[in-house]
Each structure stands twice: as structure tokens, then as C-alpha cells.
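Novice: Pasted the sequence and its predicted model underneath.
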Amino acid sequence: MTAAEFIIPVPATRADWEAQRPDIRARLWQLLGDLPPLFTPALHILRREACPGGTLASFTFDNGAGATVYGDLLIPDGRRGPGPAVLYQHMHGGKYHIGRSELFQDWLCGTAPGPALLRAGYVVLAIDAYGFGARWSQGPRGPQDSGIDTENALFKRFLWEGRTLWGMMLRDDLLALNALLACPEVDAARVGLTGMSLGGSRSTWLAALDDRPKGVIPVAQMTRYRDFLAAGHLNQHSIYYYVPGVLRQPIEMELLTALAAPRPQHILIGADDPLSPLAGVQTIIRFTEQIYRLYDAPQQFTAFIEPGVGHKYTPAMFRAVLAAFQQWL
């Protein structure tokens, strides 16, 4: 069956869709493997310092699965009581040494996203994923491996343990979300998710697995699995992206985006992004739009396909992120 022939039928009614949601979500969890239980981690603050517009706290937490997670928390000046927050999820791009420090660099989207979100009034939390930033040698061989070697070794180890690297990465993100929601400066009803590329996939999956985030903005990552396979560019995604058995399930990216309904969702993608073939993106958008209509909330789902843009995070996309969060949160 070709990608174009694999069409998931849209449920006729909202009740039909809501009857399907628990099974779809359960199948997603099953694909991720036998993950350790979730909990709310205690943040161990390594240092706290003033920064323009707020406070930066660098922290660690124990993920309960043999690894230390490193992260940064930005809190706006003058925050009185709980307010809006963003869980920011970093990209891949083979830039293993960067990780969460992407927050403070302007090469990605024309401005440093962390300080920009802080100036806009958001608490911002970001962590290093497995193999990135402070964790780029956090694999089976420790400092003898780094970056891609750490990533590949973890992928193999977790498969042997009945888990997946993708599942363990998402589990850390869920722990980070739990920690963010527990912060006294955060209104749990006003938390958004965003990230580019790897971060976009993390955001989409997190919103599909958990109903607590208020809204989600995946940037430069909307890969429909079967369309991507048909294009043959499998090596353009790193190994983390390959979840055993996903093509054997009636699972596609449009089901993940639909699981976020009716919460606000804004997809940002380049028309020429080889990691997200355009025909697949259009299939995802059509299906998701119809699910939002079942909730009488078509305005809550929007998509911007930027012409002539490849796998990029453009300044226009980041402005759209700020505008959407301003509207939602």
C-alpha cells in the first residue's frame, strides 16, 4: 500500500472520535516500550543568576532510570503568583554539543528564543535530551563516547531493555513537564509546548500523550511516516526517530496531531522541507482540520506552510510562535 493509499478515515462524529482516542493513545505508549514509571522530580539548583528581564536557574534532576537530566529555568522579573509558561524542546541537527543552550543562541531563528520568551512574560524550561549538551557522553561507555556514538549506543541498549530511545527521551520530557507544572510561578492551565525539528516532534508527541499542555507549536517537523518512507530519505532523520513497529500499527502523524484537539495547535513548516514531504503534511492538515471541526473549534488549529523554505526555522516562524502563545496563554 502506498502512502497516498493509506488514508485514515475521519470519524463521523465527535463521539466516534472520542471513543477511539484512548485506544490510539494506548498504542502510542505501547510503541514506546516498557518505560519506567513517571513522577514529579525535585529540581536541584546548581546556580541562580540574574539575567536581562528575569532570573536564570540551572538545575539537574534524577530521572529515576540511571541518568541525570540537566536543564535551565527562566523566570520573569516581577512575577507575582502563577503565570504562563513554555516547555521549550531543542533541535537535533547533529549539534549534540548544543542541546538546551539553543535557548540562548540567535543562529536558529534570528533571535535567542529563551530571552525573547522571557521578555514576553513566560517562565521557560528546557532540558538536554539524551546525548545532547551536558549529556552528550551520558551513554553506556561514558566519556569514551560522545554525540552520535552516545545516541547510537543508547538506541541499542534501550532496545535490549525492551524500551526505545524515543520513549526514554519523551519520558524525560514528561518529567520536565511535571516539574514545570509544579513550579509556584507557573499556572498549570497556561503551559505551551514548542520546539524545532527534533523539538517539534517531541512537542507533537507530548501533546498527543498528555492533555495538560494548553497548546502546541511544532516547527519544521511534521513528518508523515509513510510519505517519508516513500521519498526514501531515511538517513535524513537520525536514529532516535525510528520507533519499532510504527508502520505495522494503523498509526500516522495525523492521529498524533488530532489527539491534541481541541487545544490550540499551530503547525509551522517549510514547503520544501525534505524531512516532511509536502503531500504528507497536507494529508496531516486535512485530517486534523476535520477533527477540530468535530469539536466546533476549527479556529483552534492553524498551519503555515512557508513557500520556498526547507528544513529551517525562519524569523517569520518565530514571530508566529510568539503571536500564538500571546493569544493562547
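Specialist: The structure has been received and is ready for your questions. Remember, it's a predicted structure, so these values are computed and weren't measured experimentally. Numbers count the residues shown, from 1 in each chain.
Novice: Centre of the chain to stretch 155-164, how far?
Specialist: Centroid displacement of stretch 155-164 relative to its chain, using C-alpha atoms, centre = their mean, to the nearest Å, is 21 Å.
Novice: and that stretch, how far apart are its ends?
Specialist: Distance across stretch 155-164, first residue to last, is 7 Å (C-alpha to C-alpha, to the nearest Å).
Novice: What of stretch 135-149?
Specialist: End-to-end distance of stretch 135-149: 12 Å, with C-alpha to C-alpha as the criterion.
Novice: and if you look at stretch 126-140?
Specialist: End-to-end span of stretch 126-140 (C-alpha to C-alpha): 24 Å.
Novice: Would you mind confirming that residue 237 makes contact with residue 223?
Specialist: Yes: between residue 237 and residue 223 a contact is recorded at 7.1 Å, counting by C-beta atoms under 8 Å. For every residue, glycine as well, the C-beta is placed using N, CA and C.
Novice: Between these two, tell me which one has more neighbours.
Specialist: It is residue 223, of residue 237 and residue 223, that has more neighbours when counted by other C-beta atoms under 10 Å, with 25 against 17.
Novice: Would you quantify the distance from the residue nearest to the more buried one when sequence neighbours are not counted to residue 312?
Specialist: Nearest non-adjacent residue to residue 223, counting by C-beta to C-beta, 6 or more residues apart in numbering: residue 276, 4.9 Å away. Separation of residue 276 from residue 312 (C-beta to C-beta, to the nearest Å): 12 Å.
Novice: Mutual contacts of those two, please.
Specialist: Residues touching both residue 276 and residue 312 (C-beta atoms under 8 Å, 6 or more residues apart in numbering): 220, 270.
Novice: The two: which is more packed in?
Specialist: Between residue 276 and residue 312, counted using other C-beta under 10 Å, residue 276 has the larger neighbour count: 28 against 17.
Novice: There's contact between the more buried one and residue 225 in this structure, I believe.
Specialist: No: between residue 276 and residue 225 there is no contact under C-beta under 8 Å: 10.9 Å.
Novice: Would you mind listing the buried residues in stretch 231-244?
Specialist: Buried residues in stretch 231-244, counted by 16 or more other C-beta atoms under 10 Å: 231, 237-238, 240-241, 243.
Novice: Kindly indicate which of those lies nearest residue 108.
Specialist: The shortest approach to residue 108 among these belongs to residue 238, at 17.3 Å (C-beta to C-beta).
Novice: Flag every buried residue along stretch 96-110.
Specialist: In stretch 96-110, counting by 16+ other C-beta under 10 Å, buried: 96, 98-104, 108-109.
Novice: swap in stretch 280-294?
Specialist: Neighbour-count burial for stretch 280-294, counted by 16+ other C-beta under 10 Å, picks out 280-281, 283-285, 287-292, 294.
Novice: tell me which of those is nearest to residue 184?
Specialist: Residue 184 lies nearest to residue 292 out of those, by C-beta to C-beta, at 33.4 Å.
Novice: does that closest one belong to a helix or a strand, and which?
Specialist: helix 278-294 (DSSP states H and E).
Novice: swap in residue 56?
Specialist: In the assignment (DSSP H and E), residue 56 maps to strand 54-62.
Novice: now swap in residue 243 and tell me
Specialist: Counting by DSSP H and E, no helix or strand carries residue 243.
Novice: Let me see the contact set for it.
Specialist: 31-32, 164, 166-167.
Novice: What's the end-to-end length of stretch 108-116?
Specialist: From its first residue to its last, stretch 108-116 covers 13 Å (C-alpha to C-alpha).
Novice: Tell me if residue 49 really is in a strand.
Specialist: Yes: using DSSP: H, G, I helix; E, B strand; the rest coil, the assignment for residue 49 is a strand.
Novice: Could you tell me which strand of the protein is the longest one?
Specialist: In the chain, assigned by DSSP state E, the strand with the most residues is strand 186-196.
Novice: Need the residues touching each of residue 237 and residue 223.
Specialist: In terms of C-beta under 8 Å, 6+ apart, residue 237 and residue 223 are both contacted by the residues residue 275.
Novice: Show me what stretch 312-325 is in contact with.
Specialist: 84, 86, 91, 108-111, 113, 116-117, 120, 122, 192, 194, 196-197, 215, 217, 219-220, 264, 266, 268, 270, 273, 302, 304, 306.
Novice: how does it look with 6 Å?
Specialist: Under the contact criterion C-beta atoms under 6 Å, 6 or more residues apart in numbering, stretch 312-325 has outside partners 108-110, 120, 192, 194, 196, 217, 219-220, 266, 268, 270.
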